[in-house]
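# Here is the input, now give the coordinates:
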Amino acid sequence: MMPQITINEKCTAPYDCKRCLQVCPQAVFMVLPTEMHTFRENRPEEYRLIVVFRDKCVLCNDCVDVCPVGAIQIAQKEE
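Take a look at the predicted model:
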């Protein structure tokens, strides 16, 4: 069974927070910029948390527990 991982709009500053990245034993998440700028660095709010390795998730829910804004939900998905 593959987990269904949802990140909602409450995750507004993943670049500053990074708690889910630090706690996830499988490194399921990445923080990437929403767009690139030529003459300036991206601001922290211009980053997005994405699920890259959903198949590696072991359903430990550590990311759900550590998220300060409750932006991550994990559900077990039947295949």
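# burial count for C20?
Neighbour count of C20, defined by other Cβ atoms under 10 Å: 22. All C-beta atoms are positioned from the backbone trio N, CA, C, and that covers glycine.
# Relative to V31, how far out is it?
Using Cβ to Cβ, to the nearest Å, we find C20 at a distance of 9 Å from V31.
# Spell out which residues are contacts of both of the two.
Listed contacts common to C20 and V31 are 14, 49; contacts here mean Cβ atoms under 8 Å, 6 or more residues apart in numbering.
# Got the phi and psi for the residue sitting nearest the centre point of the chain?
Taking Cα atoms, centre = their mean, the centroid of the chain lies closest to L49, which sits 4.0 Å from it. With angles defined as degrees, to the nearest 10, L49 sits at phi -90, psi 130.
# Settle this for me: it is touching T6, isn't it.
No. Using Cβ atoms under 8 Å, L49 is not in contact with T6, being 11.1 Å away.
# Give me the common contacts of these two.
Overlap of the contact sets of L49 and T6 (by Cβ under 8 Å, 6+ apart) is empty.
# Point out where this structure drops to low pLDDT.
Along the chain, segments meeting pLDDT under 70 span 78-79.
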